[in-house]
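Novice: Take a look and give me a structure for this.
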Amino acid sequence: MPPSSHGNRLGGLVQRECQAAAAALAVDGDLHAGVHEARKAIRRARSLLALAAPALDVEGTDNALRRIGDSLGALRDAHVVAATAARVGDQSDDPAWVHAAQALDRRADRLLRRELATDAGFARRRRAIGRAARQLESLPWDELAGTDIRDGVHRHRRGADAGASPAGRNPQREHLPRWRGRVRRLRMQLDALDALRIRSAGHDPVASKRLHHLSDELGRRQDLAMLAEVLLRLRTLERRRQLVAHIEHDGTRQAMH
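Specialist: So this is what the prediction gives:
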């Protein structure tokens, strides 16, 4: 494959993710699921843009996509904690979890209605994604070589490895998002290498599978930590401190095993 075609194909992948994000926000059905899919597509697009830097000037577009994703963060987090509470409840005999999950579901729906009141149908965000996609069309993707993309993966691999130590020693809430973000971005970039058929030194399919498992585990831990924080803020919820204690005990027990 000629080196220039790698860049063009990477640009095509980014455009596809932008289209996926806009389409997810235009759904008429489960809007919570739409927000989730849009944020995933934006994360994938940004992970790909990171491979194009510094060879291409993608900072402005990346910042625009970051702002859109961040603006959907509270909605997604609210839905995640409700779903996490329901999953914990499925594994517990305590009926308080049922009430907690219902309260968190209502909270997520309230936040969604409030957001749609200011951005009906997420039209403003979909337009912003469209502008970002048009900015990307003007970039000289054909100047981006496979070696540039491969070097980008190596840079982010070092970042993911560097983030492991503090989070591994001290799995506190403040460490999890950054480490999880680095691991998730590297996982997406390795997937992109496969899609682009770019061989990378040290690329091990088994290691990639472990990376997926690590990303999932960090996500589970972060979701539980976020649920505990939200439960403590729900002052009208009965037995919220006991529910948080259950989360902390379960997390400690799993960490020991």
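Novice: Low-confidence stretches in the chain?
Specialist: The model of the chain has pLDDT under 70 over residues 1-4, 158-175, 200-207, 250-257.
Novice: Output the longest helix belonging to it.
Specialist: helix 205-233 (DSSP state H).
Novice: buried residues in that one?
Specialist: By 16 or more other CB atoms under 10 Å, the buried positions in helix 205-233 come out as 211, 214-215, 218, 221-228, 230-231. Just so you know, the C-beta spots here come from the backbone N, C-alpha and C atoms, and that holds for glycine as well.
Novice: again with stretch 231-244
Specialist: Leu231, Leu237, Arg239, Arg240, Leu243, Val244.
Novice: The residues you listed into JSON lines, with extra columns for secondary structure and distance to Trp97?
Specialist: Listed next are the buried residues of stretch 231-244 as JSON lines, based on DSSP: H, G, I helix; E, B strand; the rest coil; distance: CB to CB, whole Å:
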{"residue": "Leu231", "secondary structure": "helix", "distance to Trp97": "10"}
{"residue": "Leu237", "secondary structure": "coil", "distance to Trp97": "11"}
{"residue": "Arg239", "secondary structure": "coil", "distance to Trp97": "10"}
{"residue": "Arg240", "secondary structure": "helix", "distance to Trp97": "11"}
{"residue": "Leu243", "secondary structure": "helix", "distance to Trp97": "7"}
{"residue": "Val244", "secondary structure": "helix", "distance to Trp97": "12"}
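Novice: mind putting these in JSON lines, distance to Leu193 included?
Specialist: Output for these, formatted as JSON lines (distance: CB to CB, whole Å):
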{"residue": "Leu231", "distance to Leu193": "40"}
{"residue": "Leu237", "distance to Leu193": "46"}
{"residue": "Arg239", "distance to Leu193": "48"}
{"residue": "Arg240", "distance to Leu193": "45"}
{"residue": "Leu243", "distance to Leu193": "42"}
{"residue": "Val244", "distance to Leu193": "41"}
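Novice: and of those residues, the nearest to Thr84?
Specialist: Leu231 (10.3 Å; CB to CB).
Novice: rewinding a little: Gly73: which of the buried residues of helix 205-233 is nearest?
Specialist: Nearest member of these to Gly73, counting by CB to CB, is Met226, at 11.0 Å.
Novice: For that closest one, which residues are in contact?
Specialist: Asp77, Val80, Val81, Thr84, Arg173 (CB atoms under 8 Å, 6 or more residues apart in numbering).
Novice: Ala22 versus that one, what's the distance?
Specialist: 27 Å (CB to CB, to the nearest Å).
Novice: Spell out the secondary structure type for Asp94.
Specialist: Under the three-state scheme (DSSP: H, G, I helix; E, B strand; the rest coil), Asp94 adopts coil.
Novice: quick one: contacts for it?
Specialist: So Asp94 contacts Leu243, His246 (CB under 8 Å, 6+ apart).
Novice: try 10 Å
Specialist: Neighbour list for Asp94: Val88, Ala100, Arg239, Gln242, Leu243, His246 [criterion: CB atoms under 10 Å, 6 or more residues apart in numbering].
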